[in-house]
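Undergrad: Pasted the sequence and its predicted model underneath.
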Amino acid sequence: MSAPSAAGKWTRVRLCGFGVGFAVLFFAVGTRAFNLQIRERDELRAKAEEQYLREIELPPRRGRILDRKGAELAATVDVDSIYCNPRQLPDPADAARKLARVLGLPRRDLEKKLTQRRYFAWVKRRVSPDEAAAARALKLPGVAFAKEPRRVYPNKELAATVMGHAGSDGRGLDGIELTFDRQLRGRATSVQGLRDALGRELFIEGVADSSTGAGADVVLTVDKYVTYVTERALEGAVARHRAKAAVAVVMDPRTGEILALASAPSYNPNDPAAAVAIGARNRAITDALEPGSTMKVFTIASALEAGAVRPDDRFDCQMGTMMVGKYQIHDTHHYGMLTTTEVLKLSSNIGATKIARRLGRERLAEGLARFGFGRPSGVTLPGERAGIIRPVARWGDIGFSNVAFGQGLTVTPLQLAAGVGAIAGGGVYRAPRVVSRVVQADGRTEAVSPSSPDARVVSEATARAMAAMMRTVTEPGGTAKQAAIEGYPVAGKTGTAQKVSNGRYDPDKWTASFVGFAPAQDPRVVIAVLVDEPRGEHRGGAVAAPVFREIGEQVLRYLHVAPEAAVEAAIQTKKGDVGRKMTKAAVAASAPAAEAAPEGPGSDLALAAEDALGEGIAECEEAGETGETDNAGPETGDVVAVPDFTGMSVGQAIRAARRSGVELLADGGGVALRQSPAPGPAARGVLARVTFGRRP
């Protein structure tokens with residue numbers, strides 16, 4: 001047998017070599033596959049899922065801000081956002097030109113974005129419906145639309161400084177939007193999703209429902225219409241007096257609820273960029289200014305409460321000039337002897353100084369603190385200032401006088417309204433509040449409590465006396481005749497204060513203010529108005545008081561508060577019924593003993609007569625008079641005669657007081673036992689306190 005040829009050997013060697021090579025390659029592939037499929041499976045799977053499978057966080061739908069009646073002040077809506085795949089654009093430069101024109105974007109910036117070789121680029125986010133429609137009409141390839149939530153303020157500037165605004169990321173930046181951001185924003189939810197080659201997020205089973213984490217609604221005490229009326233009045237005042245700014249607070253003294261908190265200038269929270277440039281902010285809490293003569297209300301109220309003065313006490317106002325150390329205090333007019341009431345009515349700085357001296361520094365400081373000055377009110381809004389009241393030890397003689405009539409200290413308009421609200425509310429300070437409740441997405445309601453509990457700061461008698469004294473400010477001869485509202489008695493106080501510039505009072509910069517309440521006998525609203533740096537006329541009675549009247553007229557009608565004439569007519573009708581009831585009781589009392597009910601204090605007849613008499617007295621006191629309509633009294637002169645009320649019934653005393661031109665403050669029932677002041681001559685508008693009871 002012949003030996004194999006060289007060619008055959010070489011063939012076998014090559015076959016063996018290929019076989020070994022394939023065997024090695026198969027082993028290597030098998031080993032690699034084993035490692036990939038078995039050993040490294042979990043690690044590689046996690047890496048793959050990082051590229052296409054991800055947790056997609058769904059931002060919750062931001063809650064609404066509502067007014068007290070449920071009207072939307074802020075809401076969240078779904079709007080279009082425009083994006084594109086630049087690789088699909090046949091002519092990026094032409095597409096950029098067309099899109100820039102309809103969307104109001106810089107063409108070069110958009111062209112630079114679209115010429116990049118990327119798969120995804122935002123064109124413009126959260127566009128208006130008109131912009132979205134215009135972009136769709138272009139029918140550009142690669143351009144698409146997605147829905148995104150956007151915060152909208154349907155009333156534009158209305159209540160903007162209270163609400164604040166939210167940023168493009170849905171987070172609150174100012175006002176209620178900031179303070180209640182956590183509640184409004186809600187809780188984010190996550191779902192499983194895929195990411196495609198363009199980087200877009202795709203949901204595995206459609207768009208998930210994020211309502212479980214939706215934000216809560218915040219319900220304000222603010223009223224939309226009252227705010228509209230107030231803002232319009234402020235805008236008119238700023239334009240009329242060419243003022244720097246104006247601010248107003250409208251508050252319900254019975255609850256402390258704020259019905260309007262308005263500032264001018266305002267801004268549109270849908271486009272908040274201009275807010276800083278025009279100085280738009282919530283000035284009712286951020287601006288602390290010297291109050292001027294409005295502070296005399298609290299000086300006199302503190303003195304009355306401490307028993308240091310009475311409404312009819314007289315003070316020598318020294319014809320308008322008084323030296324305090326080396327400094328002079330001036331009054332606008334040359335006044336001689338004035339009663340406490342007239343000091344308030346005519347706004348005498350000298351009179352306020354002498355009243356404060358009777359009270360003393362410590363008690364004045366304590367009184368101002370009780371009325372809420374020198375500390376934040378606690379209203380749920382960011383940026384509130386506390387105002388400044390220097391320590392008593394640093395007042396000095398002139399500093400003490402200045403504080404008494406509203407210089408050398410600062411307060412915010414909200415503090416001023418809340419302080420007067422305590423007088424209107426019968427002597428009880430109620431912390432102002434702007435948020436009523438928070439309503440969760442599932443319907444649960446959480447009430448928002450005031451920052452502090454109600455606190456009595458003066459007695460009810462002192463509050464009534466102050467209300468009567470403050471009424472004289474808006475009556476003929478007072479400093480605020482222009483604040484008077486036809487049909488509604490108004491109690492209030494004017495203020496005119498110089499502003500400080502470079503450490504000195506600037507003779508060209510003033511703030512004009514008026515704070516008051518109406519109706520004076522049963523207050524429904526407290527309104528504080530401040531106009532900052534009016535040009536020309538700058539007195540509070542001429543600048544701020546008319547704004548008070550404009551707001552008050554419309555708000556009282558809106559709240560269905562009947563004018564005094566209508567109330568008087570209703571009382572007269574009711575009193576006729578009461579008179580007939582009392583007549584029947586008298587007839588029954590004169591019947592023969594055998595036919596009459598048993599006599600005595602507890603008998604049915606006595607109780608019926610007492611009920612009829614009590615009802616008649618209560619209604620006469622509410623009306624301010626009895627069945628007689630004799631209002632005769634001195635029409636001229638500054639002196640009236642205080643009658644001797646001793647032994648009179650309540651009805652008789654009311655008639656006598658009205659005929660004499662005297663304000664009557666009646667305590668108790670029965671017959672008059674004591675009175676202050678004593679019978680005799682007194683200044684017009686004097687308040688006579690009469691205590692009624694049973695004869696000893």
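TA: Received it, and whenever you're ready, just let me know what you need.

Undergrad: all strands for the stretch 251-400 of the chain, in order.
TA: Assignment of strands within the stretch 251-400 of the chain using DSSP state E, counting those that start in this stretch yields the ranges 258-264, 314-316, 321-324, 327-330, 337-339.

Undergrad: quick one, domains of this protein?
TA: Following automatic domain parsing, the chain resolves into domains at 57-220, 226-558, 564-623, 628-696.

Undergrad: Relative to residue 28, which of the ones you listed is closest?
TA: domain 57-220 (32.0 Å; CB to CB). Using the backbone N, CA and C atoms, a C-beta is placed for each residue, glycine as well.

Undergrad: average pLDDT for that closest one?
TA: For domain 57-220, mean pLDDT rounds to 83.

Undergrad: Can you give the distance from that domain to the centre of its chain?
TA: 31 Å (CA atoms, centre = their mean, to the nearest Å).

Undergrad: So, low pLDDT: which residues of this structure?
TA: 1-4, 44, 46-59, 188-213, 565-638, 665, 667-669, 683-686, 694-696 (pLDDT under 70).

Undergrad: What's the biggest strand in it, counting residues?
TA: Taking DSSP state E as the criterion, the chain has its longest strand at strand 504-518.

Undergrad: Show me what that one is packed against.
TA: If you count contacts as 3 or more CB pairs under 8 Å, 6 or more residues apart in numbering; DSSP states H and E, strand 504-518 packs onto helix 413-424, strand 491-501, strand 525-532, helix 540-543, helix 545-558.

Undergrad: Please identify which of those is closest to residue 134.
TA: So among those, helix 545-558 is nearest, using CB to CB, at 41.7 Å.

Undergrad: CA atoms only for that closest one, dumped as CSV, please.
TA: Extracted in CSV, the C-alpha atoms of helix 545-558 (Å, rounded to 0.1, in the frame of the first residue of the first chain):
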residue,chain,number,x,y,z
ALA,A,545,-62.2,109.5,52.8
PRO,A,546,-64.0,109.7,49.3
VAL,A,547,-62.4,106.3,48.4
PHE,A,548,-63.9,104.9,51.7
ARG,A,549,-67.3,106.2,50.7
GLU,A,550,-67.1,104.8,47.1
ILE,A,551,-66.2,101.3,48.4
GLY,A,552,-68.6,101.4,51.3
GLU,A,553,-71.7,102.4,49.3
GLN,A,554,-71.3,99.5,46.9
VAL,A,555,-70.3,96.9,49.5
LEU,A,556,-73.2,97.7,51.9
ARG,A,557,-75.7,97.4,49.0
TYR,A,558,-74.0,94.2,47.9
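
Undergrad: quick one: contacts of that helix?
TA: Contact with helix 545-558 is made by 225-226, 229-230, 233-234, 236-237, 246, 248, 250, 259, 474, 480-486, 488, 490, 492, 494, 514, 516, 518-519, 524-525, 527, 529, 531, as judged by CB atoms under 8 Å, 6 or more residues apart in numbering.

Undergrad: In that helix, which residues are buried?
TA: Neighbour counts over helix 545-558 (16 or more other CB atoms under 10 Å) mark 545, 546, 547, 548, 549, 550, 551, 552, 553, 554, 555, 556 as buried.

Undergrad: and the helices and strands packed on strand 504-518 as a markdown table, adding distance to residue 325?
TA: Conversion of the helices and strands packed on strand 504-518 to a markdown table gives the following (distance: least, CB to CB, whole Å):
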| stretch | distance to residue 325 |
| --- | --- |
| helix 413-424 | 29 |
| strand 491-501 | 20 |
| strand 525-532 | 31 |
| helix 540-543 | 28 |
| helix 545-558 | 34 |
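
Undergrad: out of these, which comes closest to residue 130?
TA: It's helix 545-558; of the helices and strands packed on strand 504-518, that one is closest to residue 130 (CB to CB) at 35.4 Å.

Undergrad: Also compute the angle for the closest one relative to strand 258-264, please.
TA: 140 degrees (axes from the mean of the first three to the mean of the last three CA atoms, to 10 degrees).
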